[in-house]
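In: Build me a model from this:
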Amino acid sequence: MGTSQSGHPVVEPSSIGEHVTTTARPRPVRRLRWILPALLVIVWLAVGGFGGPFAGKLSSVQQNDSTSFLPASAEATEVSALQKDFTDTQFVPAIVVAERTSGITAADTEFLARTANSFAGSEGFGDEVSPPIPSADGRALQTFVPVDSAGEVGDSVTELRDALGAAPDGLTVLVTGPAGQVADLSAAFAGIDGLLLLVAGVVVVLILIVVYRSPILPFAVITSAVFALGLSSLLVYLLADAGVIALNGQSQGILFILVFGAATDYALLLVSRYREELRIEQDKYRAMRTAWRATLEPVAASAGTVIAGVLCLLLSDLNSNRGLGPVAAVGIAASFVASMTYLPAVLVLLGRMAYWPSRPAFDARHAEKDEAADHKFWAALAARIGAHPRRFWVASSLVLVLFALLMPQFEASGVAESETFLLEVDSVAGQQIVGDHFDAGSGSPAVIIANEDSRDAVADAARVDGVGDITVLSTPGMQDPLVVDGRVAIEATLTDPADSLAAEDTIVRLRDAVHPIDGADALVGGTTATDLDTKTTSTRDRTLIIPVVILVVFAILCLLLRSLLAPLLLMGTVVLSFAATLGISSLVFEHIFGFPGADPVVPLFAFVFLVALGIDYNIFLMTRVREEARRIGTRRGALRGLTVTGGVITSAGVVLAATFSALAVIPLIFLAQIAFIVAFGVLLDALLVRSLLVPALTVDIGQKIWWPSKLASAPEPDENVSAEPELDSSRM
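Out: Numbering: from 1, shown residues only. This is a model prediction of the structure:
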């Protein structure tokens, strides 16, 4: 214990593992202390029981069609709004394509016409179905069936596919087009409610059993995550149902994984601290109060950092990105509340039994033991880093730099819609048949809106490479062009599949051709243009949002650590880790998985999650180091902080990486890439950056790392003199 200038004792925070017996004083009756924890458990049981079912209802408020991804200010969005005056945009086309390699027969044509017409005017379908259109080579047919986009497109397409299953022998019949793609996308996300949660839950439970060797504790932690998921699902459902946020399948999948991962991470810190306190405090309630107070600040800072990071997505011009920001923020907030209320209540009710069979026994002498006795591996690593800090941070930095040099090879210019599925689906196979026998863009033409006076000039200019037929929309039942407010709509059928990169190149040529026409005010939209504008906007978002995330997280670190130099170094390590992760991912995606590329939004999402989540482990470490630095100096404090937090933070990193890996069960290239990047990046942060690079830098720099706070100017204690024990005010 130190003394002030007046000679009075000074009480300062101490490290974990210290215990000082204080003078006995009267204590209130404690027989009813279990009431508050019991009430908290009952409240969370009610929240889980009421909110849990909404996790299964989120799919009913999802928007997985292209409109949910439309960029707010893009040209395709403007065309989509104008197009409603020319056509009934309530219906999206399902292209039914039939192929017989030996040649289409009359029976084939009759079957296709009869089956398609049977859906005309029925629930979920439009009134007008096109007749079967034969291909020039006579080996294929296609017909267009309008599907009501206001209903369940997936269910309507499934019904249509079931009816077409009775095709004559030898005739291949598939449903593709925009409606077919929406149906297959919805089917891909169908596993979110069951399979994704099952995989994530099983993985977390198995890891916790291995780490804590207890059959009780993992289920206390997993129920905390489940209740957090129930609360977040309820809130997201209400917000999406009210139209406040846009929810799609990918946002829902990321929400589930974030909640499981974050809730488990926060739980591990509390569980670890509580176990240490139970060894030095006989009363389980006082042990929990101390553990809760010590855990609250780093967990709150971590949750706040992630929430602030994901909310930066609100700056996006894409509906899907803007929707993910608040969805993820709600999930993190729910995880924080559950971890800091429900879990402490359950743990304090269970007491030492929670850790059975390895229950932490109270030992009054434990406070005098060195933490190394309980953390032998991390104590040995800390000793090596303390002996040669510069060797460790230089070596680990070189590894990251070498990986980061591969980052320019990461291809994120976009992939065709047909390549987003990791499994074979009908919409992709059907589009291949369409491309083999018809203009591949049939059913999804580019739409040009122009002034009526420039109709002919625009139509002529639109005949660029990659465009087949040009059609001016006419009044139904008449030959005259349909004119609305002095403007006309022109459809340009593309020769390449509407979801292909080649078709997007055609849109660029088309815009370059019609935009310069004086007085035309021509705009080009349609399905392909929407895909193109979405990718262009994603690139713009990446350029804007990544620097904002860096500034926001840096500001939070400055407030938390009361320093400028330490946050600057931490942000540098995390950004370098992100670059290294993308570098490794480029090799894995191209040479192992054979992915055709990645969407521009993949690096953006990966950066937001990796920086926000990766900085967590540095927060957990450095808040402990700062606590120790005030007592025994920064160099020794960094080594002690690494020793006592190494195991729990590494376990948290493994759990988070494993939960994100569960996203790979959804057969979409986007989520598979996010799963790998975040999982690998989290492990890189937990095992290399936080375990070697940051501690070594901190030891090498010493007290100056806290510049410009007063702690930076405090003298570093003599490492040969043992620190005098000081009282922990939280135990007074």
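In: Only C-alpha atoms from now on, for both contacts and neighbour counts.
Out: OK.
In: Mind listing what's buried along stretch 222-231?
Out: Along stretch 222-231, the positions that meet the burial threshold by neighbour count (16 or more other Cα atoms under 10 Å) are 222-231.
In: And the strands in the stretch 451-600 of the chain, which stretches?
Out: All strands of the stretch 451-600 of the chain, identified by DSSP state E, counting those that start in this stretch, fall at 467-472, 487-494, 523-525.
In: got it, and the stretch 301-450 of the chain?
Out: Secondary structure of the stretch 301-450 of the chain, counting by DSSP E, counting those that start in this stretch: strands at 446-451.
In: Helices along that one, start to end?
Out: 319-350, 376-387, 389-404, 426-437 (DSSP state H, counting those that start in this stretch).
In: mind listing what's buried in the lengthiest helix in the chain?
Out: Counting by DSSP state H, the longest helix found in the chain is helix 527-561. By neighbour count, and taking 16+ other Cα under 10 Å as the criterion, the buried residues in helix 527-561 are 527-539, 541-542, 544-546, 549-550, 553-554, 556-558, 560-561.
In: What is it packed up against?
Out: Using 3 or more Cα pairs under 8 Å, 6 or more residues apart in numbering; DSSP states H and E as the contact criterion, the elements in contact with helix 527-561 are helix 75-83, helix 284-311, strand 446-451, helix 501-514, helix 565-587, helix 601-632.
In: try 7 Å this time
Out: helix 75-83, helix 284-311, helix 501-514, helix 565-587, helix 601-632 (3 or more Cα pairs under 7 Å, 6 or more residues apart in numbering; DSSP states H and E).
In: The residue nearest the centre of the chain and Phe189: what is the separation?
Out: With distances taken as Cα atoms, centre = their mean, Ile254 lies nearest the centre of the chain, 4.2 Å away. Taking Cα to Cα, to the nearest Å as the measure, Ile254 and Phe189 are separated by 12 Å.
In: got it, and Gly154?
Out: 11 Å.
In: And for Gly641?
Out: The separation that Gly641 has from Phe189, given Cα to Cα, amounts to 42 Å.
In: When the two are compared, which one has more neighbours?
Out: Neighbour tally, Gly641 and Phe189, criterion other Cα atoms under 10 Å: the higher count belongs to Gly641, 29 against 21.
In: So the more buried one, which state does it fall into?
Out: Remark: Gly641 carries the secondary structure label helix [criterion: DSSP: H, G, I helix; E, B strand; the rest coil].
In: From what I see, it and Arg626 are in contact.
Out: No. With contact defined as Cα atoms under 7 Å, Gly641 does not count as touching Arg626 (8.7 Å).
In: out of the helices of the stretch 301-450 of the chain, nearest to Ala120?
Out: Distance to Ala120, taken as Cα to Cα, is lowest for helix 426-437 among the helices of the stretch 301-450 of the chain, at 21.0 Å.
In: What are the buried residues along the closest one?
Out: In helix 426-437, the ones that count as buried by 16+ other Cα under 10 Å are 426-428, 430-434, 437.
In: how distant is that helix from the center of its chain?
Out: For helix 426-437, the gap between its own C-alpha mean and the chain's C-alpha mean amounts to 32 Å (Cα atoms, centre = their mean, to the nearest Å).
In: name the helices or strands packed onto it?
Out: strand 172-176, helix 177-189.
In: quick one, which of those is packed in tightest?
Out: Across these, the average number of neighbours (mean count of other Cα atoms under 10 Å) peaks for strand 172-176, which reaches a mean of 25.
In: Give me the sheet partners of it and which way each runs.
Out: As defined by DSSP bridges, the strand partners of strand 172-176 come to strand 91-99 (antiparallel).
In: Count the neighbours of Phe670 for me.
Out: 21.
In: What is the burial count for Gly519?
Out: Gly519 has 12 neighbouring residues, counting by other Cα under 10 Å.
In: Same check on Asp456?
Out: Other residues lying near Asp456 total 11 when counted by other Cα under 10 Å.
In: any idea how far it is from Gln83?
Out: The spacing between Asp456 and Gln83, counted by Cα to Cα, is 19 Å.
In: Leu198 too?
Out: The span separating Leu198 from Gln83 equals 43 Å under the rule Cα to Cα.
In: neighbour count winner among the two?
Out: Neighbours were tallied for Leu198 and for Gln83 using other Cα under 10 Å; the higher tally belongs to Gln83 (19 against 13).
In: Spit out the contact partners of that one.
Out: Going by Cα atoms under 7 Å, 6 or more residues apart in numbering, Gln83 touches no other residue.
In: Turn the strands of the stretch 451-600 of the chain into TSV, columns for distance to Leu258, mean neighbour count and mean pLDDT.
Out: Listed next are the strands of the stretch 451-600 of the chain as TSV, based on distance: least, Cα to Cα, whole Å; neighbours: other Cα atoms under 10 Å; pLDDT from 0 to 100:
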stretch	distance to Leu258	mean neighbour count	mean pLDDT
strand 467-472	44	18	88
strand 487-494	41	25	91
strand 523-525	35	25	93
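In: Export the ones you listed to JSON lines and append columns for distance to Trp706.
Out: JSON lines is the format used below for the strands of the stretch 451-600 of the chain (distance: least, Cα to Cα, whole Å):
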{"stretch": "strand 467-472", "distance to Trp706": "63"}
{"stretch": "strand 487-494", "distance to Trp706": "61"}
{"stretch": "strand 523-525", "distance to Trp706": "54"}
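In: Select, out of those strands, the one closest to Val415.
Out: With distances scored as Cα to Cα, the stretch of these nearest to Val415 is strand 487-494 (17.9 Å).
In: Off-centre distance for that closest one?
Out: On Cα atoms, centre = their mean, the centre of strand 487-494 falls 38 Å from that of its chain.
In: what does it contact?
Out: 86, 439-442, 445-452, 466-473, 482, 503.
In: try it again with 8 Å
Out: Outside strand 487-494, the residues within contact range by Cα atoms under 8 Å, 6 or more residues apart in numbering are 83, 86, 439-452, 455, 459, 462, 466-473, 481-483, 503, 506.
In: Out of the residues you listed, which end up buried?
Out: Those of these that meet the buried threshold are 83, 86, 439-452, 455, 459, 462, 466-468, 470, 472-473, 481-483, 503, 506, by 16+ other Cα under 10 Å.
In: so Arg586 touches Leu405, yeah?
Out: For residue 586 the amino acid is Ser, not Arg. No. Ser586 is beyond contact range of Leu405, at 10.9 Å (criterion: Cα atoms under 8 Å).
In: Looking at these two, which is more packed in?
Out: Taking Ser586 and Leu405 together and counting by other Cα under 10 Å, Ser586 has the greater number of neighbours (23 against 14).
In: What's the separation between that one and Leu671?
Out: When distances are taken as Cα to Cα, Ser586 and Leu671 turn out to be 15 Å apart.
In: cool, and Ala190?
Out: Ala190 is 14 Å from Leu671, where distance means Cα to Cα.
In: More neighbours: which of the two?
Out: Leu671 (22 against 15).
In: Check that one and give its pLDDT.
Out: Reported pLDDT at Leu671 in the predicted model: 85.
In: sorry, back to before: deepest-packed of the helices and strands packed on helix 527-561, please.
Out: Sorting those by mean neighbours (by mean count of other Cα under 10 Å), the first place falls to helix 601-632, with a mean of 24.
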